[in-house]
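Asker: have a look at this fold, sequence not included:
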């Protein structure tokens, strides 16, 4: 390369780089484009390489008034909202205590909130289902909310702890010195400052619940159908169009979250996670 | 002390009921026979029936982790050391997309993308890289490795690129000034400093690979397959929690070995 003209080697480098970037884009977006093709393919039989008829026929079928998609969407969203509510109600006080108050064996407690992510979760879900079966919680919305709250709680406690740790202590002390009680200080000073982090935690828990499959499969099935369960059933039944349309719907919150996360999860909170 | 304990008690109770109790149940059930007596029979049965699946899971996990590590190091290294004004921001924009995409969606697209008559083979045939008559389905261990890597590379890259960005630039600049190429700089100067973050990200990815049920069920028909699929099969078809939990014990052990290796390595590095 060195003996060649510098302009030529620069051109070769740019071309090589463009090739690698094109390959990276194909690897990331190719499988996603594949979903879009399937979602609009009305007729696609072997040996045709590409669909022979395109259209919205399957979309109409998915969104028919009495089709299962609306019920699954409603189930998914209400379960996710309830999971966010339960996880945040439990983790806001816990996060505040871990960040601000003296606790016996604090690092042990942090470890306990880390364990569910440190080992495979499938055996846990299987045994939750077995316990819930005895309690009559299997196949109920509440049971699914509880099983979604396990990963939800872990994320929420971590992010809430980091958010409260990032709040400026001197402002809290100033408020106390001016005569504000502890509750008023928390409401007017601490909570507003921790809000973006708590919002990020809520979005995270919401997204995790919307996407959750394994826990719902063991605890909810066959009575509770969420979007992931609907997608799985359609796929295993060989109905790739319905599965791809459901998959595209599931992509909306995921991609939306990726685009807004940096606005909520600031570097000062990120750097404190796990401490 | 008491206000703190009071505030944290509800969350701890929830973890006890939703995690510790099922965990205990899974450990105990694995060692109790049908007659209610302690036994190692479930473990023996799990090994006998699903030994091939355990080995298969380990190999798929190792293959995935190797691919994930290699590609993530390459991307994060290029994001840190690359000089192109257009390619670095472009790659930063491209690589993150699969991060929050659910595994079940990745499984569905892999199922149709990597099939024998799937879009990938169609495209490769059109380009002339693959002969249509000999095109094969990638829906075996290769499909699993590719799908797990597709999902986990953004996660590992994100942690790795973050760690690389916070490194002291002066040693890198010094090495560059002394004539070290970018690849050598990455391998000899940058990589040793971010090894802890790389290992944490890989251990977390291993736990994820060992937890995902949808991808192996959607990609693999028949045996051997991942342990997760076999645990679900044992429970849904036979209602046999004992053997399923015994199999679960092996998946705990596997991730525990990885976590232990990581802890030992980081302790040794600290003492040096």
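Answerer: Okay, I see it. Quick caveat: nothing in here was measured; it's all calculated off a predicted structure. Numbering: from 1, shown residues only, chains lettered A, B, ... in the order given.
Asker: please, where are all the strands along the stretch 51-200 of chain A?
Answerer: A:53-54 (DSSP state E, counting those that start in this stretch).
Asker: where are the low-confidence patches of the chain?
Answerer: Chain wasn't specified; assuming chain A. The model of chain A has pLDDT under 70 over residues A:1-4, A:262, A:265-275.
Asker: my bad, chain B
Answerer: Ranges of chain B meeting pLDDT under 70: B:272.
Asker: what segments of it are strands?
Answerer: For chain B, no strands are identified by DSSP state E.
Asker: other SSEs contacting the longest helix along it?
Answerer: Determined from DSSP state H, the single longest helix within chain B is helix B:41-81. Counting contacts by 3 or more Cβ pairs under 8 Å, 6 or more residues apart in numbering or on different chains; DSSP states H and E, helix B:41-81 is packed against helix B:21-30, helix B:87-95, helix B:141-165, helix B:182-185, helix B:195-211, helix B:227-238, helix B:241-271. From N, CA and C alone the C-beta is placed, and that goes for glycine too.
Asker: redo those as JSON lines? Include distance to chain A and mean neighbour count.
Answerer: Shown next, in JSON lines, are the helices and strands packed on helix B:41-81 (distance: least, Cβ to the nearest Cβ, whole Å; neighbours: other Cβ atoms under 10 Å in any protein chain shown):
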{"stretch": "helix B:21-30", "distance to chain A": "4", "mean neighbour count": "18"}
{"stretch": "helix B:87-95", "distance to chain A": "5", "mean neighbour count": "17"}
{"stretch": "helix B:141-165", "distance to chain A": "7", "mean neighbour count": "22"}
{"stretch": "helix B:182-185", "distance to chain A": "12", "mean neighbour count": "15"}
{"stretch": "helix B:195-211", "distance to chain A": "4", "mean neighbour count": "20"}
{"stretch": "helix B:227-238", "distance to chain A": "5", "mean neighbour count": "21"}
{"stretch": "helix B:241-271", "distance to chain A": "3", "mean neighbour count": "17"}
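Asker: out of those, nearest to residue A:243?
Answerer: Comparing these by their distance to residue A:243 (Cβ to Cβ), the top pick is helix B:141-165, with 15.3 Å.
Asker: and the closest one, how far out from the chain's middle?
Answerer: How far helix B:141-165 lies from its chain's middle: 8 Å, per Cα atoms, centre = their mean, to the nearest Å.
Asker: got it, and stretch B:70-87?
Answerer: The answer for stretch B:70-87 is 22 Å, by Cα atoms, centre = their mean.
Asker: got the buried residues for that stretch?
Answerer: Across stretch B:70-87, burial judged by 16 or more other Cβ atoms under 10 Å in any protein chain shown covers B:71-73, B:75-82, B:87.
Asker: buried stuff in the longest helix along chain A?
Answerer: Scanning chain A for the helix with the most residues, using DSSP H, yields helix A:6-40. Within helix A:6-40, the residues scored as buried using 16+ other Cβ under 10 Å are A:17, A:21, A:24-25, A:27-28, A:31-32, A:34-40.
Asker: again, but for stretch A:249-256
Answerer: A:249-251, A:253-254.
Asker: would you agree residue B:94 is in contact with residue A:26?
Answerer: No: applying Cβ atoms under 8 Å as the test, residue B:94 and residue A:26 come out as separate, 10.0 Å apart.
Asker: what's the distance between the closest residue to residue A:56 other than its chain neighbours and chain B?
Answerer: Closest residue to residue A:56 apart from its sequence neighbours, by Cβ to Cβ, 6 or more residues apart in numbering or on different chains: residue A:40 at 7.2 Å. Remark: distance between residue A:40 and chain B (Cβ to the nearest Cβ, to the nearest Å) = 13 Å.
Asker: ok, now which ones touch residue A:40?
Answerer: A:51, A:54-56 (Cβ atoms under 8 Å, 6 or more residues apart in numbering or on different chains).
Asker: my guess is residue A:46 is in a strand, correct?
Answerer: No: applying DSSP: H, G, I helix; E, B strand; the rest coil, one finds residue A:46 to be coil, outside a strand.
Asker: what sits closest to it if chain neighbours are left out?
Answerer: Excluding the flanking residues, the one nearest residue A:46 by Cβ to Cβ, 6+ apart is residue B:117, at 5.5 Å.
Asker: that neighbour - how many residues pack around it?
Answerer: 16 (other Cβ atoms under 10 Å in any protein chain shown).
Asker: surely it and residue A:48 touch.
Answerer: No: counting by Cβ under 8 Å, residue B:117 sits too far from residue A:48 to count as a contact (9.3 Å).
Asker: residue in the stretch 151-275 of chain A nearest to chain B?
Answerer: Residue nearest to chain B within the stretch 151-275 of chain A: residue A:211 (3.6 Å; Cβ to the nearest Cβ).
Asker: now that residue: how far from residue A:21?
Answerer: From residue A:211 across to residue A:21, the span is 29 Å (Cβ to Cβ, to the nearest Å).
Asker: where exactly do the helices run in the stretch 101-250 of chain A?
Answerer: In the stretch 101-250 of chain A, the helices defined using DSSP state H, counting those that start in this stretch lie at A:106-112, A:115-118, A:122-135, A:141-165, A:169-177, A:182-185, A:191-211, A:214-219, A:227-236, A:240-264.
Asker: out of the helices and strands packed on helix B:41-81, which is closest to residue A:232?
Answerer: Using Cβ to Cβ, the nearest of the helices and strands packed on helix B:41-81 to residue A:232 is helix B:227-238, at 11.7 Å.
Asker: who touches the closest one?
Answerer: With Cβ under 8 Å, 6+ apart, helix B:227-238 has contacts from A:120, A:122-123, A:126, A:129, A:217-218, B:50, B:53-54, B:57, B:210-213, B:216-217, B:220, B:240-241, B:243-244, B:247-248, B:250-251.
Asker: please apply the same query to stretch B:98-108.
Answerer: Here stretch B:98-108 has contacts from A:28, A:31, A:35, A:207, A:210-211, A:213, A:228, A:231-232, A:235, A:240, A:243-244, A:247, A:250-251, A:254-255, A:257-258, B:147, B:150-151, B:153-155, B:158, B:212, B:214-215, B:217-219, using Cβ under 8 Å, 6+ apart.
Asker: hmm, try it at 6 Å
Answerer: Contact with stretch B:98-108 is made by A:211, A:213, A:228, A:235, A:243, A:247, A:250, A:254, A:257-258, B:147, B:150-151, B:154, B:212, B:214-215, B:218, as judged by Cβ atoms under 6 Å, 6 or more residues apart in numbering or on different chains.
Asker: for stretch B:178-196, same thing?
Answerer: By Cβ under 6 Å, 6+ apart, stretch B:178-196 touches B:77, B:81, B:163-164, B:167, B:171-172, B:175, B:266.
Asker: which non-adjacent residue is nearest the most centrally placed residue in chain B?
Answerer: The centre of chain B sits closest to residue B:205, judged by Cα atoms, centre = their mean, with a distance of 3.0 Å. Closest residue to residue B:205 apart from its sequence neighbours, by Cβ to Cβ, 6+ apart: residue B:152 at 4.5 Å.
Asker: just residue B:58 next, same as before
Answerer: residue B:254 (6.7 Å).
Asker: cool, residue B:266 as well?
Answerer: residue B:196 (5.8 Å).
Asker: likewise residue A:228?
Answerer: For residue A:228, the closest residue by Cβ to Cβ, 6+ apart turns out to be residue A:213, at 4.3 Å.
Asker: contact partners for the one you found?
Answerer: A:228, B:104, B:214.
Asker: ok, it to residue B:105 distance?
Answerer: Distance from residue A:213 to residue B:105, by Cβ to Cβ: 10 Å.
Asker: go on, residue B:236?
Answerer: According to Cβ to Cβ, residue B:236 stands 22 Å off from residue B:105.
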